[in-house]
Each structure stands twice: as structure tokens, then as C-alpha cells.
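Novice: pasting the structure only:
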Ligand SMILES: Nc1ncnc2c1ncn2[C@@H]1O[C@H](COP(=O)(O)OP(=O)(O)OP(=O)(O)O)[C@@H](O)[C@H]1O
Ligand SMILES: [Mg+2]
């Protein structure tokens, strides 16, 4: 469970978080969606104890992120935005270092590492140097590393950025599996379809503020069900309709031809912020 109340973060001349509040229930998969610079990584860094808040409060499974920092940290697994594995070491050694950091007893650590490597599909590569893994396998390994100490809450900061569509989907399957096993998941992304496919609830973050928070379906249906994109004065203008019939009625009155599409989270984000997520 994650509870965040009016969280603020300022750097010298940048207000990165302007009073963010939300709750994530135990076992929930929550997505934090926003464009570059919205404050996604800043939020994760504060919640996982890597950066200090400037204001507000937050608790991870009831432990305050600063007053009970050690306990709060122990609840968290983190997959950072940039892959920070030790490239010279093997798959197994990378996990071992993490287990040592969390002071796991040797027998438990060894057992858990084997289990996790099999779980993420790296069981046959434990002796391989990380440098020789593909981008997708490196992502799997950073996820495995985050799970070694059995965290109750997993933070994934853009876990599929830079991966091609097929590999991205395999990571999605892994994320779903981790959720099914009862872990609370906080995911940041600027891939609309990732939030739409994975998340039970989505927060839209823009310039350090949560501008909407709901299920993907509710956010989408606020906007409509069907959309038509038209080019008007060199710009794409989108018209939204509650029903397909209404959209058909509209096109029957025009002499151009149109194609319909389903309204998606990008439409909802654009309507609220005037911006695209990426
Ligand atoms: N260490 C820092 N010092 C100064 N400013 C920072 C620092 N870290 C982040 N910022 C600023 O805070 C704002 C939020 O950055 P953050 O990295 O949280 O965004 P983000 O949503 O994760 O973006 P991206 O999608 O690019 O990863 C940005 O304006 C960024 O430039
Ligand atoms: Mg980021």
C-alpha cells in the first residue's frame, strides 16, 4: 500500500512536484502517466528513499518514508529508468550483490536467486556476463534484482523504454505475473498502450501535478467512445462521439471520407492538459 499526501519537491529553480496526492491499494497495479519532465522519476526516487521530499508526506505499507526510512525501504523493489547493472559481472553476481546489500542470509539468498532467475526466464544464463545480454534480457535482470529481497511494492520506472514491441509485450506478461503473485506495482510510463493494458488505475501527471486519477476505462469514456481525426489548417483536429451511430451520422453529412477509431488514453490526456504524453 502506498499513501502520498501533498508531496512536493523543488530543485534550485524547478518545482518538480507541486503537491501530489494519491493512494495505491495493496496488490494494485497503478500507472503514473506523463510526458518528459512531468515528475515521474522524482516521485519514485522520493518514495524509494533516493531523494528527499521538500514537503508533504508518504507511507509505504504504513511506514513513513523518512521517519521510518529503513522499514519503508525494505518494502520497496526498484527498477530504475536507466539500467544500472554491473556490466562486467555475471547475471548471478549482479543479483548476489543486491542480496548482500539487503543482508539476506546466504542459504536464503542462494535459494531466492535461483527461484527468481527461473521466474523471469534467465535460469539458463546465470553465468553469463551482463554485457552479453540483449536489452530485453537486461530489463528482465533489473526486474529480477528488484525482487530478490521479496518486496511488497515494486516500482517500475519506464520498464519497457527502448524495447521493440514484441519484447515489450513479454515484459508486460512478466509484470502481470508479478502482480498476480500479490505484489503492489507502481509503474511509470509514457506509453499510452502500456498504461491501458496493464493498469487498474492511472494517474495523469503534468508539470508535477496529478490532473486526473481513475481507471483507464473511466478516463477514456469521459472523452467519448469513438473518434474521427480530421486535418484542418495543417493541424489534426479530433472529433469525439459517444456512440458509433453518432459518428456515422456525422460522416454522412460530409463529403470527405473518414476512418473511425476507438478513443484512447492519449485522447483523455490531451483533453485535460493540451499535451501529448510523448
Ligand atoms: N537532480 C535534479 N536537479 C535539478 N532538476 C531536476 C533533477 N532531477 C529532475 N529535475 C527536474 O525535475 C523535473 C521532473 O523530472 P523527472 O525526472 O521526475 O521527470 P520524468 O517525468 O521522470 O521525465 P522522463 O519521462 O523524461 O523520465 C524536470 O523538470 C527535471 O528537469
Ligand atoms: Mg523519468
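Specialist: Yep, that arrived. Nothing here was measured: the structure is a model prediction, and the numbers come from that model. Ligands and ions are numbered 1, 2, ... in the order given.
Novice: report the contact partners of whichever residue of the stretch 51-200 of the chain sits closest to ligand 2.
Specialist: Per CB to the ion, residue 81 is where the stretch 51-200 of the chain lies closest to ligand 2, at 4.8 Å. C-beta here means a position set from N, CA and C on the backbone, and glycine is covered the same way. Applying CB atoms under 8 Å, 6 or more residues apart in numbering to residue 81 gives the contacts 41, 157-158, 161, 188.
Novice: which strand residues bridge the closest residue to it other than its chain neighbours?
Specialist: Of all residues beyond its chain neighbours, the one nearest residue 81 is residue 157 (4.1 Å), with distances taken as CB to CB, 6 or more residues apart in numbering. Beta-bridge pairing of residue 157, defined through DSSP bridges, involves residue 188.
Novice: pretty sure residue 157 contacts residue 80?
Specialist: Yes - judged on CB atoms under 8 Å, residue 157 makes contact with residue 80 at a distance of 5.6 Å.
Novice: more neighbours, these two?
Specialist: Remark: of residue 157 and residue 80, residue 157 carries more neighbours, 22 against 18, as counted by other CB atoms under 10 Å.
Novice: and the more buried one, what does it touch?
Specialist: So, once contact is read as CB under 8 Å, 6+ apart, residue 157 ends up touching 40-41, 44, 78-81, 188.
Novice: ok, it to residue 224 distance?
Specialist: To residue 224, residue 157 is 31 Å away according to CB to CB, to the nearest Å.
Novice: try residue 47
Specialist: Residue 47 sits at a distance of 34 Å from residue 224 (criterion: CB to CB).
Novice: who has more neighbours, the two?
Specialist: Under the criterion of other CB under 10 Å, the comparison of residue 47 against residue 224 puts residue 47 first, with 25 against 20.
Novice: run a quick neighbour tally on the residue lying closest to the more buried one once chain neighbours are set aside.
Specialist: Of all residues not flanking residue 47 in the chain, residue 58 sits nearest, at 5.8 Å (CB to CB, 6+ apart). By the measure other CB under 10 Å, the count of residues near residue 58 is 22.
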